[in-house]
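Colleague: here is my input; please provide its structure:
(2 chains)
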Amino acid sequence: GQNIDQPTEMTATEGAIVQINCTYQTSGFNGLFWYQQHAGEAPTFLSYNVLDGLEEKGRFSSFLSRSKGYSYLLLKELQMKDSASYLCAVSGLRDDKIIFGKGTRLHILP
Amino acid sequence: GAGVSQSPSNKVTEKGKDVELRCDPISGHTALYWYRQSLGQGLEFLIYFQGNSAPDKSGLPSDRFSAERTGGSVSTLTIQRTQQEDSAVYLCASSLRGQGAEPQHFGDGTRLSIL
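Modeller: Now for the predicted structure:
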């Protein structure tokens, strides 16, 4: 079966660091994406991982372990504007099907 | 246009009516995706087009749903005999070639409400 799990909600403090985990079980693996979605808006691309390891991009980093079916998104120096849903998505054996998790709603407190 | 354009942005209709949703992808993007997002839920994959072809239609929820793409550009998603459970935001996305490594660019969606 196809399954992507991520926490439903998380809360963190402005200026702090937060790690959002994602585990997946899919038929085949072609890469893992993280998207950010503010309420009422379209998702926007954050990162893509296909090889094991950490990809750093400014305040955001994404990690992948293919053997464990595990990824995380790390957000540093949190800002109020980071309050949003973060969607983990996996591209499977076929390019024509991208499976999205239900998203993690991140609340940032001042 | 600069981004993916969807119309209408909002649609309210009565149960049993047919609706047609439109997506205009980024110019030159050959891959086009339709998703559905219910309140507080993740994205549900509906269908993917590579050019004008949709190799797999199994993601469509029922035979009331159909989609087409003409000229390798604009796509329409049609829902016949709408039901209340069809109420959701319908998102369209496009990517350059539809290959696994490419990010998808999303439109702002059509918010569909069935009364």
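Colleague: other SSEs contacting the helix or strand of chain B with the lowest mean pLDDT?
Modeller: Lowest on mean pLDDT, DSSP states H and E among the helices and strands of chain B sits strand B:43-50, with a mean of 90. Judged by 3 or more Cβ pairs under 8 Å, 6 or more residues apart in numbering or on different chains; DSSP states H and E, strand B:43-50 is in contact with strand A:98-100, strand B:31-37, strand B:65-69, strand B:75-79. For glycine as for every other residue, the C-beta is placed from the backbone atoms N, C-alpha and C.
Colleague: which of the ones you listed comes out lowest on mean pLDDT?
Modeller: Least confidently modelled of these is strand A:98-100, at a mean of 84 by mean pLDDT.
Colleague: just to revisit the earlier point, and of the helices and strands packed on strand B:43-50, who's closest to residue B:19?
Modeller: Closest to residue B:19 of these is strand B:75-79 (Cβ to Cβ; 5.1 Å).
Colleague: now the angle from that closest one to strand B:65-69?
Modeller: Here the directions of strand B:75-79 and strand B:65-69 differ by 170 degrees (axes from the mean of the first three to the mean of the last three Cα atoms, to 10 degrees).
Colleague: what angle separates strand B:75-79 from strand B:43-50?
Modeller: Relative orientation of strand B:75-79 and strand B:43-50, computed by the same axes, to 10 degrees: 130 degrees.
Colleague: strand B:75-79 near chain A at all?
Modeller: No. For strand B:75-79 and chain A, the contact criterion (Cβ under 8 Å from any Cβ of the partner chain) is not met; the two come no nearer than 14.1 Å.
Colleague: so what touches the next helix or strand after that strand?
Modeller: Counting by DSSP states H and E, the next helix or strand C-terminal to strand B:75-79 is strand B:88-95. The list of residues contacting strand B:88-95 from outside it, by Cβ atoms under 8 Å, 6 or more residues apart in numbering or on different chains, reads A:42-43, B:4, B:6, B:21, B:23, B:25-26, B:29, B:31-39, B:43, B:75, B:77, B:102-107, B:109-112.
Colleague: make it 7 Å
Modeller: For strand B:88-95, the surrounding residues in contact (Cβ atoms under 7 Å, 6 or more residues apart in numbering or on different chains) are A:42, B:4, B:6, B:21, B:23, B:25-26, B:29, B:31-38, B:43, B:75, B:77, B:102-107, B:109-112.
Colleague: can you check stretch B:99-110 too?
Modeller: Contacts to stretch B:99-110, defined as Cβ under 7 Å, 6+ apart, come from residues A:30-31, A:33, A:41-43, A:45, A:48, A:50, A:91, A:95, B:3-6, B:8-9, B:11, B:21, B:23, B:26, B:33, B:89-96.
Colleague: only whichever of these are buried, select them in PyMOL.
Modeller: Applying 16 or more other Cβ atoms under 10 Å in any protein chain shown to those, the buried members can be selected in PyMOL as follows:
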select buried, (chain A and resi 30+31+33+42+43+45+48+91+95) or (chain B and resi 4+5+6+11+21+23+26+33+89+90+91+92+93+94+95)
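Colleague: restricted to strands, list the contacts of stretch B:99-110.
Modeller: Applying DSSP state E to those, the entries found in strands are A:31, A:33, A:45, A:48, A:91, B:5-6, B:11, B:21, B:23, B:33, B:89-95.
Colleague: quick one: distance of the least confident helix or strand of chain B to the chain centre.
Modeller: 7 Å (Cα atoms, centre = their mean, to the nearest Å).
Colleague: so that strand versus strand B:31-37, what angle?
Modeller: 160 degrees.
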